[in-house]
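S.K.: Give me the fold of what follows.
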Amino acid sequence: MDFSIIIPTVGRPELDACLDAVEVGCQSLREQGGAVEVIVAHDRFSDENERRIVQRHPEVKVIVGPQKGPAANRNAGAAKASGRWLVFTDDDCLPAPDWLAALAQIVAADQADVIEGKTVCRTGLPGPQWHSPLNETGGFLWSCNFAVRRDLFCAIGGFDERFPFAHMEDADLKKRLEALGAQLVFAPGVVVDHPPRRLPGPLTLARHHESELLFNRIHFQHPCPMNVLFRLAKTRSKVLMERGSCAEKTMFALSIFLELLCTAALCPLWLSRLSREVKLWTAEMAVCRFHGSGDDFRRGCCS
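M.R.: Model (predicted):
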């Protein structure tokens, strides 16, 4: 098996369109002699949803995730994979028809351990309260469009499941891969369209910023709340100035204020928890894992 495509989902209706797009790329690759499997790891499927997916896409392997967030869900899919390369995208994305073929060309050149694809938003963002994880020039290992050698992914223990939200878990993975000296390559021909998604409410967004403190605590041992608040204000203000009508900007400004307020209020709780539970991650720990120190995920993934 050459590729295992892993799609985590919480049952979004966009999954059907994603699987349709993925199947086009799979069929093209199979016609060229490549081998590929598709794994959907779900956290909130009903029995009816699972039956519908299996009936419409009988080639897809559907597994039940651990319901611990997207990082854990991706790991669950990876643990069932058999491909030499793990390819990740999200359930609301639309890979281009030649997505897999472009990946296969880079893999054949044997000059990459990790392939970072190009992520675009073809329709554009309709207003400031919409977002899409763009990566048009490289530098971001977004989990919606990348591939990694399976043995390397297993060796570092996959995604860190301490990240409960879809935020910073891919940046953490990139940091650990770089520390191992993995060869990361940006591939502008490996294209995924990520349609715009409406931002969640201020409280939900605020809770996501715990991941930033966690990331800083793991890699730098400096989980400074002021840095998180400053970056949040800077990022949101930039979006506010770029697009949207006057009414949209007013509503978004109120949302920013509430998000900042909730984040500041929750930071003491997060810091207390981090000081008790989180250990500093080091490159030495990753090298130890890479050379055979056992961990449950690696045994499950690479057996």
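
S.K.: Point out the other helices and strands that the helix or strand hosting residue 270 packs with.
M.R.: Using DSSP states H and E, residue 270 falls within helix 246-277. Helices and strands touching helix 246-277, by 3 or more CB pairs under 8 Å, 6 or more residues apart in numbering; DSSP states H and E, are helix 202-208, helix 210-219, helix 225-242. For the C-beta atoms, the positions are set from N, CA and C on the backbone; glycine is no exception.

S.K.: which of those sits most buried?
M.R.: Across the helices and strands packed on helix 246-277, averaging neighbours per residue (mean count of other CB atoms under 10 Å) puts helix 210-219 on top, at a mean of 22.

S.K.: Verify the stated contact: residue 203 with residue 260.
M.R.: No: Residue 203 is beyond contact range of residue 260, at 11.8 Å (criterion: CB atoms under 8 Å).

S.K.: residues near residue 44, how many?
M.R.: Applying other CB atoms under 10 Å, we find 12 residues neighbouring residue 44.

S.K.: make that residue 155, sorry
M.R.: A count of nearby residues for residue 155, using other CB under 10 Å, gives 23.

S.K.: Ok, residue 179 next?
M.R.: Residue 179: 17 surrounding residues under other CB under 10 Å.

S.K.: Can you check the pLDDT for it?
M.R.: Residue 179 carries a pLDDT score of 90 in this model.

S.K.: Relative to residue 226, how far out is it?
M.R.: Separation of residue 179 from residue 226 (CB to CB, to the nearest Å) stands at 26 Å.

S.K.: Could I get the helices and strands packed on helix 246-277 in TSV, plus columns for mean pLDDT?
M.R.: TSV is the format used below for the helices and strands packed on helix 246-277 (pLDDT from 0 to 100):
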stretch	mean pLDDT
helix 202-208	93
helix 210-219	90
helix 225-242	88
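
S.K.: I'd like to know which of those is closest to residue 128.
M.R.: Nearest to residue 128 among the helices and strands packed on helix 246-277 is helix 225-242; the distance by CB to CB comes to 5.1 Å.

S.K.: what about the helices and strands packed on helix 246-277, which gets the closest to residue 82?
M.R.: Minimum separation from residue 82 across these (CB to CB) falls at helix 210-219, 30.3 Å.

S.K.: Residues contacting the closest one, please?
M.R.: 160, 162-165, 167-169, 171-172, 175, 222-225, 227-228, 231, 266-267, 270-271, 274, 278-281 (CB atoms under 8 Å, 6 or more residues apart in numbering).

S.K.: re earlier: the helices and strands packed on helix 246-277: which one's closest to residue 84?
M.R.: Distance to residue 84, taken as CB to CB, is lowest for helix 210-219 among the helices and strands packed on helix 246-277, at 28.6 Å.
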